[in-house]
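Student: sequence first, predicted model second:
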Amino acid sequence: MVTLPIWMITILTEFGPAIYEMRTWYKIEVLVAGAILATGRRTVSAALRVMGLSQERNYAKYHQVLSRAVWSGLEVSAILLRLLLKTFDTGGPLVFGVDETTERRRGEKIAVKGIYRDAVRSSKSHFVKACGLRWMSLMWLADIRLPNGSGPCRS
């Protein structure tokens, strides 16, 4: 059984209403803690390795949290946005960035794939198509200040 720090449990419990099964909740706790502790790529396998569960008998069940478990991604994203606003909103205008990316995927099991313009390889005069999944992302561009109130943080 994984014991998480109080600060992490406090944040994770905010997402409780979007998770519909207790078994899924435990796996999410393990994966979140593992993703924070993992170095390099943050895959499910890397998260399980760092948590000492690489020999887990039900290893595949952790992968299924992202594909088969019953939870609402829309609810999770709304909760995340509320938490971010509560933490970082300064009362000024909110600035958002939108990006789209095509993940090149093939195979008969991928039902929602399409053919899209490849923005990287195309030019004004040359059109290149890419087959795969289109991912849209919305990013809140927040001005994060240092604890003493001076300037934006630079890493």
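Tutor: It's in.
Student: residue 108 and residue 70, how far apart?
Tutor: Residue 108 is 25 Å from residue 70, where distance means C-beta to C-beta, to the nearest Å. Every residue, glycine included, has its C-beta placed from N, CA and C.
Student: mind checking the SS state of residue 45?
Tutor: Counting by DSSP: H, G, I helix; E, B strand; the rest coil, the backbone at residue 45 sits in helix.
Student: which residues touch it?
Tutor: Listed by C-beta atoms under 8 Å, 6 or more residues apart in numbering, the contact partners of residue 45 are residue 54.
Student: and it, what pLDDT?
Tutor: On the pLDDT scale, residue 45 is placed at 86.
Student: off-centre distance for the helix or strand of the chain with the lowest mean pLDDT?
Tutor: Least confident helix or strand, the chain: strand 114-117 with a mean of 76, by mean pLDDT, DSSP states H and E. Distance, stretch centre to chain centre, for strand 114-117: 24 Å (C-alpha atoms, centre = their mean, to the nearest Å).
Student: list the neighbouring strands of it plus their orientation.
Tutor: Sheet partners assigned to strand 114-117 using DSSP bridges are listed as strand 129-140 (antiparallel).
Student: next, give phi and psi for the residue located most distally from the centre of the chain.
Tutor: Using C-alpha atoms, centre = their mean, the residue of the chain lying farthest from its centre is residue 125. It sits 35.7 Å away. Backbone torsions of residue 125, given as degrees, to the nearest 10, read phi -100, psi -10.
Student: need the helices for the protein, in chain order.
Tutor: In the chain, the segments counted as helices under DSSP state H are 6-13, 22-37, 44-50, 59-67, 73-88.
Student: can you list these in TSV and add distance to residue 134?
Tutor: Below are those laid out as TSV (distance: least, C-beta to C-beta, whole Å):
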stretch	distance to residue 134
helix 6-13	30
helix 22-37	25
helix 44-50	23
helix 59-67	19
helix 73-88	16
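Student: how far away is the spatially most central residue of the chain from residue 124?
Tutor: By C-alpha atoms, centre = their mean, the chain has its centre lying nearest to residue 77, at 9.1 Å. Distance of residue 77 to residue 124, given as C-beta to C-beta: 35 Å.
Student: do residue 15 as well
Tutor: Plainly put, residue 15 is 44 Å away from residue 124 if you go by C-beta to C-beta.
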